[in-house]
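Enquirer: the amino acid sequence is not available; the structure is as follows:
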Ligand code: FPP
């Protein structure tokens, strides 16, 4: 058999007759699909991203955005890679979104980086995540300082390996004088752990006579949460198409607007953030009141 190699060309543009060939239609359908696919895979053009950004009303930004960064494992699996590959790429999204929030003037960004339940994952994934966390924090402290970003951590730090605690404490101290975006990492965190802890500590203070149970209000409870120095999130984003809160800031999200997107976390970029904020700004936040009451001021 003789194989004749010819230069690659579109066989259907040579003459008008060819455009009537049934294969022509197949060619068009396939190239349309290919283009749509490549549009989905590549970031939106800068102009479109700028358009989205300009639509945001900077006087009505959510003060605090909380994110459940979901879908790293599935993203990696879809590419035939190990789950850790997804977490590794998730760090790029963390960078991009922190930068996006800082540029806009969002005051607080809380990221669910590792839940109490995540300790039950396979050992190699847990170890890989801890190593990635320490490595990322170590490398990013300089950038955080350059961008005036202050790092905070909420969660059960006692559960973290010693080397991770040391690195974190150093980064907390090194960024403690920054006055721009507050970047809060939820690490070894879960709401139930936090609430049990709060109730236990309130109980101790009641027993020691420091609190009269009759005087306990929601402000008292808030003082015992890990987030006592943070405002409640106004917008909560979860990526990767799951519609759950997964033990994340259950008390603090009482009046947050919830935004769910199918985009996997490693693909989540500033334009996705702008879309979420625009969606938030299109909602009427009634806090239990009715529309007419809000309009009357
Ligand atoms: C959820 O995806 C993601 C995590 C449990 C970890 C998030 C960690 C990062 C984004 C990287 C490290 C972060 C920092 C702050 C340095 P999943 O693994 O549950 O994905 P799946 O639902 O598709 O399995």
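Expert: Good, I have the coordinates. Owing to the predicted nature of the structure, the values given are computational and were not obtained by experimental measurement.

Enquirer: quick one: end-to-end distance for stretch 136-154.
Expert: 17 Å (CA to CA, to the nearest Å).

Enquirer: for stretch 148-159, that is, sorry about that
Expert: 29 Å.

Enquirer: what's the average pLDDT for that stretch?
Expert: Predicted confidence along stretch 148-159 averages 97 (mean pLDDT).

Enquirer: report the distance from that stretch to the chain centre.
Expert: With CA atoms, centre = their mean, to the nearest Å as the basis, stretch 148-159 stands 16 Å off its chain's centre.

Enquirer: list the buried residues of it.
Expert: Within stretch 148-159, the residues that count as buried by 16 or more other CB atoms under 10 Å are 149, 150, 151, 152, 153, 154, 155, 156. For glycine as for every other residue, the C-beta is placed from the backbone atoms N, C-alpha and C.

Enquirer: what about the helices in the stretch 101-250 of the chain?
Expert: Applying DSSP state H, counting those that start in this stretch to the stretch 101-250 of the chain gives helices spanning 123-146, 162-174, 191-207, 218-223.

Enquirer: all strands for the stretch 151-297 of the chain, in order.
Expert: Counting by DSSP state E, counting those that start in this stretch, the segments of the stretch 151-297 of the chain that form strands are 182-189, 235-238, 257-260.

Enquirer: now the protein, which segments are flagged as low pLDDT?
Expert: When the per-residue scores of the chain are filtered using pLDDT under 70, the ranges that remain are 1-45, 47.

Enquirer: just want the most central residue of it.
Expert: residue 67 (3.7 Å; CA atoms, centre = their mean).

Enquirer: surely that residue meets residue 239?
Expert: Yes: here residue 67 lies in contact with residue 239, judged by CB atoms under 8 Å, at a distance of 7.4 Å.

Enquirer: run through the residues of the protein sitting next to the ligand.
Expert: Proximity of the chain to the ligand (CB under 6 Å from any ligand atom) is limited to residues 69-74, 87, 90-91, 94, 111, 113, 118, 132-133, 136, 185, 240, 265.

Enquirer: give me that answer again for 8 Å
Expert: Along the chain, the residues adjacent to the ligand under the rule CB under 8 Å from any ligand atom are 68-77, 83, 86-88, 90-91, 93-94, 111-115, 118, 121, 125, 129, 132-133, 136-137, 185, 240, 242, 264-266.

Enquirer: now these: which count as buried?
Expert: Buried positions within those, assessed by neighbour count (16+ other CB under 10 Å), are 68-76, 83, 86-88, 90-91, 93-94, 111-115, 118, 121, 129, 132-133, 136-137, 185, 240, 264-266.

Enquirer: ok, how many other residues are close to residue 219?
Expert: Using other CB atoms under 10 Å, residue 219 has 8 neighbouring residues.

Enquirer: over to residue 268?
Expert: When neighbours are defined as other CB under 10 Å, residue 268 has 25 of them.

Enquirer: so what's it up against?
Expert: With contact set as CB atoms under 8 Å, 6 or more residues apart in numbering, residue 268 has these partners: 69, 93, 96, 97, 239, 261.
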